[in-house]
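Asker: fold the following for me, if possible:
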Amino acid sequence: MLLRAQELFGYTIRATDGDVGTVRNCLFDDKLWTIRYLVVETGNWLSGRRVLVSPASFGEPDKQWPVLPVLLTKEQVRNSPDVDTDLPVSRQREIAMNLYYGWPDYVAAEPEFARHAGGAPPEAEELAGDPHLRSARDVIGYRIQTPDGDLGHVEDFIVDTQTWVIRYMVIDTLNWLPGKKVLVAPEWIEQVSWPVGTVAVGLPREQVASGPEYDPAVSINRVYEEELYAHYGRRGYWE
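Answerer: Got it, this is the predicted structure:
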């Protein structure tokens, strides 16, 4: 299922024995464009504490209610290690949380981290926090630049809830094509300037203007995706 991130914000996280809280944000890996954690506000039952939940525990989202089940108990969440959900998330805290829940450590599995295997201590920045972990809420509003001018700004993300990969950025072209929204896939991005909040894509503005329009009120289906990728002469991710 393809789900808008801002639709996901507000979903109830349901443990095996009751509700844990509400999704407020998601943290993604800016190299792989994969959701690493959801930021969950627990509310009164845990004194308003915010916790991170990994896709390793997710079940299938129920869009009707809307609920996201997780294979955790409320007691597990209550007793989990404290982790500051603001970025950067401490690597030491992240490792402790992954060990506690039995989640895979995605950073340790990467080649640049593997060089520390055998007892050598990780570098200071790796203990301080993963620099590639980004907040979706922070990136919403980034300006989109093309080779021939500004295109608009990031309004939302489209998340594939089977793989928890970000499939698209939703671009609002308000300042150029009033009222038109378009989708841009992460693989079409040439560069992201995180300090200044811009995303450069290799798509001419006129090509975007003549491309398939995105309607947030209509669910994305494969027919629309095939039309989108064909318009830009790109090979579909499903292939």
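Asker: name the SS class of residue 168, please.
Answerer: Assigned by DSSP: H, G, I helix; E, B strand; the rest coil, the conformation of residue 168 is strand.
Asker: tally up the residues packed near it, please.
Answerer: Number of residues near residue 168 (other CB atoms under 10 Å) recorded here: 23. Placement of C-beta: from N, CA and C, glycine included.
Asker: now do the helices in the chain.
Answerer: Secondary structure of the chain by DSSP state H: the helices cover 5-8, 74-78, 91-101, 111-114, 124-128, 136-139, 205-209, 222-231.
Asker: now do the fifth one, average pLDDT.
Answerer: This points to helix 124-128. Mean per-residue pLDDT for helix 124-128: 51.
Asker: go on, the longest one?
Answerer: Across helix 91-101, pLDDT averages out at 93.
Asker: show me what contacts the residue nearest to residue 96 when sequence neighbours are not counted?
Answerer: Spatial nearest neighbour of residue 96, chain neighbours left out: residue 81 (4.5 Å); criterion: CB to CB, 6 or more residues apart in numbering. When contacts are counted by CB atoms under 8 Å, 6 or more residues apart in numbering, residue 81 touches 93, 96, 97, 100.
Asker: let me see the domain layout of this protein.
Answerer: 2-134, 140-231 (automatic domain parsing).
Asker: in CSV: the ones you listed, plus distance to residue 237.
Answerer: As requested, the domains of the chain are exported to CSV (distance: least, CB to CB, whole Å):
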stretch, distance to residue 237
domain 2-134, 11
domain 140-231, 7
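Asker: looking at these, which has the lowest confidence?
Answerer: Going by mean pLDDT, the lowest-scoring of the domains of the chain is domain 2-134, which has a mean of 87.
Asker: residue 201: neighbour count?
Answerer: Neighbours of residue 201 (other CB under 10 Å): 21.
Asker: make that residue 237, sorry
Answerer: 14.
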